[in-house]
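Peer 1: please work out how this folds:
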Amino acid sequence: MSLWRNSAVDGHAAENSSRQAGSITVTTTETPVEHLDVLVVGAGISGIGAGRYLKTSHPAKSFAILEARAASGGTWDLFRYPGIRSDSDLHTFGYEFKPWRDEESIASAPRILHYLRETIAENDLEAHIRFQHKVVGAQWSSEQARWRVDVENPDTGARHQLSARWIFSAGGYYRYDEGFTPHFEGRERFGGPIVHPQHWPEDLDHAGKKVLVIGSGATAVTIVPAMADTASHVTMLQRTPTYVMPVPKKDAVANIAGKLFGPERGYAIARRKNILQQRLIWSFCQRFPKAARKLIRYVNIKALPEGYPVDTHFNPPYDPWDQRLCAVPDGDLFKVIRRGDASVVTDQIETFTERGVRLASGAELEADIIITATGLNVQPFGGVPLVVDGQPVHLPDTIAYKGMMLSGVPNLAFAIGYTNSSWTLKIGLLCEHFCRLLTHMDRYGLDVCRPVPNDPEMPQRPFLDFGAGYIQRAVDQLPKQGDRMPWLTSLSYHSDVKLLRADDVTDPELRFSRVNARVEVAR
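Peer 2: All right, here's what the predicted structure looks like:
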């Protein structure tokens with residue numbers, strides 16, 4: 001018996017059908033349901049990239065990019081705090097197919113957003129993006145070989161349904177509507193504004209005021225120098241130090257290569273150079289953590305005022321790259337500290353007060369504005385509940401296949417980038433592999449693709465072996481990874497080039513089937 005009374009396997013069995021923008025709308029006596037080949041969730045950097053790869057590799061396939069918000073760009077449109085920028089160079093954070101032409105390699109959010117929207121325009125993706133379409137549920141039917149997807153308008157609450165052969169989840173890994181803020185004793189006592197960077201008010205005026213930024217990660221080290229130019233003073237209060245390294249805002253080699261060889265070849269050269277550079281730095285930190293720690297300390301000492309207590313404020317208790325290093329373009333954080341416009345305090349908060357915060361040491365930090373740069377709330381798959389043939393999918397019970405699919409879950413791919421280098425490097429490879437997988441299924445008339453471990457007793461560990469607080473808070477909500485390929489979450493671009501680009505898409509642990517055949521097909 002069909003789970004969906006108003007669906008047809010191929011869109012032929014309905015009483016009436018019509019084509020709309022490459023998709024099929026099936027109409028019966030019940031509510032019409034639009035059918036798509038691929039449903040991409042999220043119109044940020046990953047979803048836009050996925051749309052371009054689909055349009056290029058599979059121009060005949062129908063697809064839509066659903067975006068819960070009213071604008072494209074994801075992170076780069078959502079965050080509006082002062083100084084927001086990338087912490088990776090845009091020659092690797094940008095798409096392989098679209099050269100980054102700006103002379104600034106570490107770029108501000110407006111420049112990145114312009115690049116993303118230019119990508120949309122150049123690839124005619126506007127018609128495929130549907131704004132204020134929030135996915136709130138997805139149910140798979142093996143009988144129909146389709147996903148039924150529940151979609152809601154966040155403003156009106158109105159709901160409708162779509163169906164798709166594949167879902168490509170490109171919504172990132174954190175909640176867009178809520179950042180992470182720990183409990184602060186006495187928070188209600190403070191008389192000034194308390195702002196989380198994820199919800200920055202447009203009218204916040206910090207000119208001439210004392211600003212306290214709580215946190216030590218990438219957001220905090222971005223906000224501090226950006227606000228220090230006009231605030232009377234900015235204090236960064238951290239419980240634990242972070243490794244901070246200055247990087248050039250402009251990549252001289254990339255800019256020269258662009259002038260000598262043109263934008264296309266110059267971009268390719270810069271990209272290869274930076275991929276290698278990222279890998280060498282990460283490998284050096286992993287193999288020689290003591291030497292890496294000494295080198296970072298030396299760089300920090302040279303950048304900070306003479307006699308500055310580096311070991312108090314810039315000496316983390318963990319090894320380099322156990323958590324992500326914070327990059328500061330042209331050493332801007334160190335410059336405002338040298339000028340005396342900003343300072344760093346390493347201590348713990350005992351309580352908020354009417355005038356600021358009192359620390360465990362007994363000292364009190366006065367502030368007119370407090371910024372809680374305390375991180376993100378991880379939310380895998382946008383918090384969308386997945387159901388396969390009536391059975392809810394419990395993510396911690398699944399294992400990630402090639403870092404892009406889930407064991408036992410058919411026709412679902414997802415995009416999670418690297419944590420130790422540029423996010424988009426992996427996204428591009430995943431999109432390529434996904435499109436090659438679709439080509440294989442088309443060639444052999446296959447409808448269903450489902451990863452299944454051959455060894456059900458395979459040892460498992462967390463999907464992301466990463467010490468960042470936002471990951472550790474959510475590690476028990478995430479899928480697992482195995483102890484062997486293809487069930488390992490690779491952190492190596494060069495390994496993934498072989499796995500995702502060069503190797504065959506077929507695998508003994510990837511099962512294919514046809515909707516009209518109950519036996520699985522090995523290809």
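Peer 1: nearest spatial neighbour of Asp347, chain-adjacent residues omitted?
Peer 2: Spatial nearest neighbour of Asp347, chain neighbours left out: Leu359 (4.2 Å); criterion: Cβ to Cβ, 6 or more residues apart in numbering. All C-beta spots, glycine's among them, are computed from the backbone N, C-alpha and C.
Peer 1: doesn't Glu350 make contact with the one you found?
Peer 2: Yes. Checked against Cβ atoms under 8 Å, the pair Leu359 and Glu350 is within contact range at 6.0 Å.
Peer 1: state the helix or strand in which the residue nearest to Ser57 when sequence neighbours are not counted lies.
Peer 2: The shortest distance from Ser57 to any non-neighbouring residue, by Cβ to Cβ, 6+ apart, is to Cys435 (3.9 Å). Assigned by DSSP states H and E, Cys435 belongs to helix 423-443.
Peer 1: ditto for Pro486
Peer 2: Using DSSP H and E, Pro486 sits in no helix or strand.
Peer 1: for it, give me its contacts.
Peer 2: Under the criterion of Cβ atoms under 8 Å, 6 or more residues apart in numbering, the contact list for Pro486 reads Tyr401, Lys402, Pro451, Leu499, Asp507, Glu509, Leu510.
Peer 1: and Asp476, by the same measure?
Peer 2: Pro396.
Peer 1: that one looks like it's in a helix, true?
Peer 2: Yes. Per DSSP: H, G, I helix; E, B strand; the rest coil, Asp476 lies within a helix segment.
Peer 1: local confidence estimate at it?
Peer 2: Note on Asp476: pLDDT of 78.
Peer 1: same check on the one 10 residues further on?
Peer 2: Reading off the per-residue confidence, Pro486 sits at a pLDDT of 94.
Peer 1: please report how far the spatially closest residue to it that is not a sequence neighbour lies from Arg297.
Peer 2: Nearest non-adjacent residue to Pro486, counting by Cβ to Cβ, 6+ apart: Lys402, 4.8 Å away. If you measure Lys402 against Arg297 using Cβ to Cβ, to the nearest Å, the figure is 38 Å.
Peer 1: neighbour-wise, which of those two wins?
Peer 2: A count of neighbours by other Cβ atoms under 10 Å puts Lys402 above the other of Lys402 and Arg297, at 25 against 15.
Peer 1: quick check: that one touching Leu499?
Peer 2: Yes. Applying Cβ under 8 Å, one finds Lys402 in contact with Leu499, separated by 6.5 Å.
Peer 1: quick revisit: now flag whichever of the contacts of Pro486 is closest to Gly94.
Peer 2: Among the contacts of Pro486, Leu499 lies closest to Gly94 (Cβ to Cβ), at 22.3 Å.
Peer 1: from what I can see that closest one touches Ser490, true?
Peer 2: Yes. Contact between Leu499 and Ser490 holds when scored by Cβ under 8 Å: they sit 6.6 Å apart.
Peer 1: quick one, domains of the chain?
Peer 2: Following the assignment in automatic domain parsing, the chain carries domains at 16-176+378-450, 181-374.
Peer 1: now, of those, which is deepest in the fold?
Peer 2: domain 16-176+378-450 (a mean of 20; mean count of other Cβ atoms under 10 Å).
Peer 1: so how far is it from its chain's centroid?
Peer 2: Taking Cα atoms, centre = their mean, to the nearest Å, the mean C-alpha location of domain 16-176+378-450 is offset from the chain mean by 12 Å.
Peer 1: likewise for stretch 242-256?
Peer 2: 22 Å.
Peer 1: now do stretch 238-253
Peer 2: 20 Å.
Peer 1: please identify the helix or strand for the residue nearest to Ala303 when sequence neighbours are not counted.
Peer 2: Spatial nearest neighbour of Ala303, excluding adjacent residues (Cβ to Cβ, 6+ apart): Phe334 at 3.8 Å. Element membership of Phe334, judged by DSSP H and E, is helix 332-339.
Peer 1: for the following helix or strand past that helix, packing partners?
Peer 2: Following helix 332-339 in sequence order, the next helix or strand is strand 342-346 (DSSP H and E). Under the contact definition 3 or more Cβ pairs under 8 Å, 6 or more residues apart in numbering; DSSP states H and E, strand 342-346 sits against helix 218-228, strand 233-238, helix 310-313, helix 332-339.
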